[in-house]
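[1] Kindly return the folded structure for what I paste below:
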Amino acid sequence: MSITRQNLSVIIVVYKSEHVIENCINSIDSEVEIIVIDNSNSEDLKKKIETKYNNVRCILSKENLGMGAGNNLGIKNVDKDFALILNPDVTLENDTLDKIFAVSKEIDDFGIIAPISSKIEYPNYVLGKGYKFDSTKPFAVKSVDGYAMLLNLKKLTNFNFFDENFFLYLENEDLCMRLEKSVENIYIIPKSRI
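    Numbers count the residues shown, from 1 in each chain. Below is the predicted model:
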């Protein structure tokens, strides 16, 4: 199944991120639904972004849930087939989503696909033994960082996404490790950049 603007939601978990969230939102196509989970419970942030952006819904958390539980709350509120998890300080290039949409027509057997970081000194993936980098086409990886990962919710219907025992850090490593054990494919799309 192909990914489109209509069957994709973006989830952004924030905590006192007012200074960066708008750059992230502005880099996302306005036709794509965005769900912001605010772990700082800021009514002001909710009002500001929901007033400014027609495609954004902000869910306030009564307490700081951390990244994993915050993303799970976002996933529970998605009624689409795919969810792109982003950190609030990530920005997409102009064609990032279009490149993802194009690749999804070729690869439908994936648990996660991810764009690649444009900062080569900060790779957002781990190749692992037997995996090979490819600069021209999607390549399989052992894991991707949680600051930009697209989940195939339609395929992973009975999967427990983020382990909420991880408050912050390594929750993405755990998720990818469990996906790998379930024989789910994880890909990096080298032409789709963040």
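[2] most centrally placed residue in the chain?
    Centroid-nearest residue in the chain: residue 85, 1.7 Å away (criterion: CA atoms, centre = their mean).
[3] hang on, that one in a helix?
    No: per DSSP: H, G, I helix; E, B strand; the rest coil, residue 85 lies outside any helix segment and is strand.
[4] my read: it touches residue 150, true?
    Yes: with contacts counted by CB atoms under 8 Å, residue 85 reaches residue 150, the gap being 7.5 Å. C-beta: built from backbone N, CA, C; applies to glycine.
[5] got any residues that touch both of those two?
    Taking CB atoms under 8 Å, 6 or more residues apart in numbering as the criterion, residue 85 and residue 150 do not both touch any residue.
[6] Off-centre distance for the lowest-mean-pLDDT helix or strand in the chain?
    Scoring the helices and strands of the chain by mean pLDDT, DSSP states H and E places helix 171-181 at the bottom, with a mean of 75. Taking CA atoms, centre = their mean, to the nearest Å, the mean C-alpha location of helix 171-181 is offset from the chain mean by 14 Å.
[7] cool, stretch 138-153 as well?
    Counting by CA atoms, centre = their mean, stretch 138-153 comes out at 8 Å from the chain centroid.
[8] Just the terminal-to-terminal distance for it.
    Start-to-end span of stretch 138-153 (CA to CA, to the nearest Å) is 20 Å.
[9] Just the mean pLDDT for it, thanks.
    Looking at stretch 138-153 alone, the average pLDDT works out to 89.
[10] cool, stretch 65-80 as well?
    89.
[11] Over to stretch 119-132?
    Rounded mean pLDDT across stretch 119-132 is 85.
[12] Any chance you could give me it in CSV, C-alpha atoms only?
    Output in CSV follows, covering the C-alpha atoms of stretch 119-132 (Å, rounded to 0.1, in the frame of the first residue of the first chain):
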residue,chain,number,x,y,z
LYS,A,119,24.3,15.8,8.6
ILE,A,120,26.6,13.0,7.8
GLU,A,121,28.4,13.4,11.1
TYR,A,122,25.1,12.5,12.8
PRO,A,123,23.8,9.4,11.1
ASN,A,124,20.3,8.4,12.2
TYR,A,125,20.7,4.7,11.6
VAL,A,126,22.8,1.6,12.5
LEU,A,127,23.7,-0.7,9.7
GLY,A,128,24.6,-3.8,11.6
LYS,A,129,26.4,-6.9,10.4
GLY,A,130,25.6,-7.9,6.8
TYR,A,131,23.8,-4.6,6.0
LYS,A,132,25.2,-2.3,3.3
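[13] Please spell out which residues along it are buried.
    For stretch 119-132, a neighbour-count test (16 or more other CB atoms under 10 Å) marks 124, 125 as buried.
[14] now that stretch, how far from the centre of its chain.
    Counting by CA atoms, centre = their mean, stretch 119-132 is centred 17 Å from the centre of its parent chain.
[15] ok so, going back, and the residue nearest to the centre of the chain, what are its bridge partners?
    residue 11, residue 149 (DSSP bridges).
[16] Surely residue 161 and residue 70 touch.
    No: the criterion here is CB under 8 Å, and residue 161 misses it with residue 70 at 11.3 Å.
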